[in-house]
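got a structure for you, letters missing:
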């Protein structure tokens, strides 16, 4: 993979886009639709059960043409193909980013660094399925012989956000044990999660590749202590704790049977790990068959991304439009799923987007000369309409939005789903076209209120429409955003697969923690503010005045 591309601002296609932006600065979506009545039918694409309407984005045919030229110039196809083929696209850690291999069908072959990774993947999937069937059927029992009723997933970052999102999204399909999730080292998280549980019927899934993640292991040891205190003896751990890890030595020392450890590989990044053994808690909840439907949805978009021409390629179009919105000055983007089950999806995408592309240097370490990842956030509709949509419609910042809809409800009640979808469609229309002062006056609004009741419009949205929320369709959505993030990373020439930015704070925390606990006051060597905060905490902990 090429890592010596010229700076973005030296790119002819990027410079052409800057000129195009300046020339089209005064264009409003009202004018674009008036000029092109077929725009709403033409600026769409569809694949793998996802219909994308990007006609309400601030783009023209010329914009799309220039964006596709930029994709060609920046090697988007090359970056994606290198990722799918197992090249070491994570250049700072000299490893592949091969999450797409986790959903390759059985019987296919992908040799990476001399190893057929598909065989390895399905060996783990088979072991996961056998274990899940044993727990779900009651063949696996706890130390007292009672069936497991509740699973508690302990992890953080991608080891939490992915499975927690997937479990919530697929709640309508859960037919196995109840699943809860613990991630925060704040002891309240674990306390509240296990408060009403029976240890004899509880199974913990500890997710840590190294089995050294500080927050995860603190919660794991606390959970272990709870089990031992309630059930007696260290030997109960093997019936109530399993691991998703590659560190068999540490797992064994913890008391977990190595045969109940499910591994994954260093080419699986945490935020891309949902379809690895990190999904064990999801498989326990919905069963192996539905988990494989999730994998099939992921693979369908992998295949589309790899083979579809850029002009019809959903992740490529979404990634390019996101980069264009950044060029227009947007520093924030919202994902708004109009489905209660997807309420954790924006939080999941926060890590995916901002940990992947929140970078300020290129693959070669040179400074990036354009803004990279927007701040991504969101909320389920219609809740957000009664909170932050005020800013979306009339605020001084423009926030591009993705609106996600499903045509068929999972829980039909009267006309409520009709009302839900009507709200989504209405919000896209209102954000795009707004309401002019003249239209407000024509409605009889007093002149003093006209400025308050007018809406500027010209707020860009994309609408994603799927038939029904299923394991398969969830997989397609996840892969769509995964690959759109990689497309953006290719445009900016950043490494979308490392996350060094999370390290410094963790290193400093490991240094500060013993200073908070030392009996004698240590010789602090921090800045004045940090030293004062440490002393205040020590004083409170020791019961003395600060």
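Sure, I can see it. From a predicted model like this one, the values you see are computed outputs, not experimental measurements.

Sketch out the strands for the stretch 101-250 of the chain, chain order is fine.
For the stretch 101-250 of the chain, applying DSSP state E, counting those that start in this stretch gives strands covering 111-112, 115-116, 150-154, 178-182, 202-207, 241-244.

Which among these is found nearest to residue 342?
strand 178-182 (16.2 Å; C-beta to C-beta). Where C-beta positions appear, they are placed from N, C-alpha and C, glycine not excepted.

With distance to residue 389 and mean neighbour count as new columns, can the strands of the stretch 101-250 of the chain be given to me in a markdown table?
Output for those, formatted as a markdown table (distance: least, C-beta to C-beta, whole Å; neighbours: other C-beta atoms under 10 Å):
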| stretch | distance to residue 389 | mean neighbour count |
| --- | --- | --- |
| strand 111-112 | 46 | 15 |
| strand 115-116 | 50 | 12 |
| strand 150-154 | 33 | 24 |
| strand 178-182 | 29 | 21 |
| strand 202-207 | 36 | 27 |
| strand 241-244 | 39 | 26 |
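
I'd like these as JSON lines, with distance to residue 298 and mean pLDDT appended.
Below are those laid out as JSON lines (distance: least, C-beta to C-beta, whole Å; pLDDT from 0 to 100):
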{"stretch": "strand 111-112", "distance to residue 298": "18", "mean pLDDT": "92"}
{"stretch": "strand 115-116", "distance to residue 298": "20", "mean pLDDT": "94"}
{"stretch": "strand 150-154", "distance to residue 298": "20", "mean pLDDT": "98"}
{"stretch": "strand 178-182", "distance to residue 298": "20", "mean pLDDT": "98"}
{"stretch": "strand 202-207", "distance to residue 298": "19", "mean pLDDT": "98"}
{"stretch": "strand 241-244", "distance to residue 298": "18", "mean pLDDT": "98"}
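
got CSV for these, with distance to residue 132 too?
Below are the strands of the stretch 101-250 of the chain laid out as CSV (distance: least, C-beta to C-beta, whole Å):
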stretch, distance to residue 132
strand 111-112, 27
strand 115-116, 24
strand 150-154, 10
strand 178-182, 12
strand 202-207, 11
strand 241-244, 11
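
Determine which of the ones you listed approaches residue 368 most closely.
Nearest of the strands of the stretch 101-250 of the chain (C-beta to C-beta): strand 111-112, 28.7 Å.

what sits up against the closest one?
Outside strand 111-112, the residues that touch it by C-beta atoms under 8 Å, 6 or more residues apart in numbering are 86, 96, 98, 101, 117, 267.

returning to what we had before: among the strands of the stretch 101-250 of the chain, which comes closest to residue 195?
It is, among those and with distance given as C-beta to C-beta, strand 178-182, at 10.5 Å.

Dump the contacts of strand 111-112 into a markdown table; add distance to residue 447 as well.
Listed next are these as a markdown table, based on distance: C-beta to C-beta, whole Å:
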| residue | distance to residue 447 |
| --- | --- |
| 86 | 66 |
| 96 | 64 |
| 98 | 63 |
| 101 | 64 |
| 117 | 68 |
| 267 | 64 |
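
nearest to residue 183, of those?
The closest of the contacts of strand 111-112, once distances to residue 183 are taken by C-beta to C-beta, is residue 267, at 23.5 Å.

Helix, strand, or coil at that closest one?
coil (DSSP: H, G, I helix; E, B strand; the rest coil).

Numbering from 18 from now on, please.
All set: I'll call the first residue 18, so the last point we hit is now residue 284.

dump the residue contacts of it.
103, 107, 112-116, 118, 129, 134.

Which of those residues fall in strands?
Assigned to strands by DSSP state E, the following of the contacts of residue 284 qualify: residue 129.

before we move on, the earlier item: to residue 85, which of the strands of the stretch 118-267 of the chain lies closest?
strand 128-129 (30.0 Å).

Partner strands of the closest one, with direction?
strand 132-133 (antiparallel) (DSSP bridges).

and residue 558, how many neighbours does it have?
Counted with other C-beta atoms under 10 Å, the neighbours of residue 558 add up to 10.

ok, for it, nearest residue in space, not its chain neighbours?
In space, and not counting its chain neighbours, residue 558 is closest to residue 533: 7.1 Å by C-beta to C-beta, 6 or more residues apart in numbering.

Tell me which residues touch the one you found, please.
551, 554-555, 558.

Quick check on it: phi, psi?
Main-chain dihedrals, residue 533, degrees, to the nearest 10: phi -70, psi -30.

Now which of the contacts of residue 533 would you call buried?
551, 555 (16 or more other C-beta atoms under 10 Å).

Turn the contacts of residue 533 into JSON lines, columns for pLDDT.
Formatted as JSON lines, the contacts of residue 533 follow (pLDDT from 0 to 100):
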{"residue": "551", "pLDDT": "94"}
{"residue": "554", "pLDDT": "94"}
{"residue": "555", "pLDDT": "93"}
{"residue": "558", "pLDDT": "89"}
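
that older thread, the strands of the stretch 118-267 of the chain: which one's closest to residue 364?
strand 195-199 (11.8 Å).

contacting residues around that closest one?
166-172, 177, 180-181, 184, 206-207, 210-211, 236, 240, 298-299, 301-302.

What does residue 456 show for phi and psi?
According to degrees, to the nearest 10, residue 456 has phi -70, psi -40.

check contacts around it.
residue 471.

rewinding a little: now a ChimeraX select for only the buried ones of the contacts of strand 195-199.
To isolate the buried members of those in ChimeraX, using 16+ other C-beta under 10 Å:
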select :167,168,169,170,171,172,177,180,181,184,206,207,210,211,236,240,298,299,301,302
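
Tell me how many other residues surround residue 411.
With other C-beta under 10 Å as criterion, residue 411 counts 14.

Then residue 213?
7.

same question, residue 285
25.

Got phi/psi on the closest residue in space to it that isn't next to it in sequence?
Excluding its sequence neighbours, the residue lying closest to residue 285 (C-beta to C-beta, 6+ apart) is residue 293, at 4.9 Å. Main-chain torsions, residue 293, degrees, to the nearest 10: phi -90, psi -170.

pLDDT score for residue 293?
Looking at residue 293, its pLDDT is 97.

what sits against residue 386?
Neighbours of residue 386 in contact, by C-beta under 8 Å, 6+ apart: 24-26.

Also residue 150?
Residue 150 touches 156, 304-305, counting by C-beta under 8 Å, 6+ apart.

Tell me the buried residues within those.
Buried among the contacts of residue 150 (16+ other C-beta under 10 Å): 304-305.

from the contacts of residue 150, which ones fall inside helices?
residue 305 (DSSP state H).

mind putting the contacts of residue 150 in CSV, pLDDT included?
CSV is the format used below for these (pLDDT from 0 to 100):
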residue, pLDDT
156, 97
304, 98
305, 98
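
pLDDT averaged over the strand or helix carrying residue 87, what's the number?
Assessed by DSSP states H and E, residue 87 sits inside helix 78-90. If you average the pLDDT over helix 78-90, you get 98.

do the same with stretch 523-542
90.

So what would you say the end-to-end distance of that stretch is?
One end of stretch 523-542 to the other measures 17 Å (C-alpha to C-alpha, to the nearest Å).

If you count neighbours, what's buried in it?
Buried, per 16+ other C-beta under 10 Å, within stretch 523-542: 529, 532.

what do you get for stretch 74-86?
74-77, 80-81, 83-86.

Stretch 401-408 now?
Within stretch 401-408, the residues scored as buried using 16+ other C-beta under 10 Å are 401-402, 405-406.

now do stretch 244-260
244-245, 248, 253-260.

Save the residues you listed as CSV, and put in distance to residue 383 too.
As requested, the buried residues of stretch 244-260 are exported to CSV (distance: C-beta to C-beta, whole Å):
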residue, distance to residue 383
244, 51
245, 53
248, 57
253, 55
254, 50
255, 51
256, 54
257, 51
258, 46
259, 45
260, 40
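
Great, nothing more from me.
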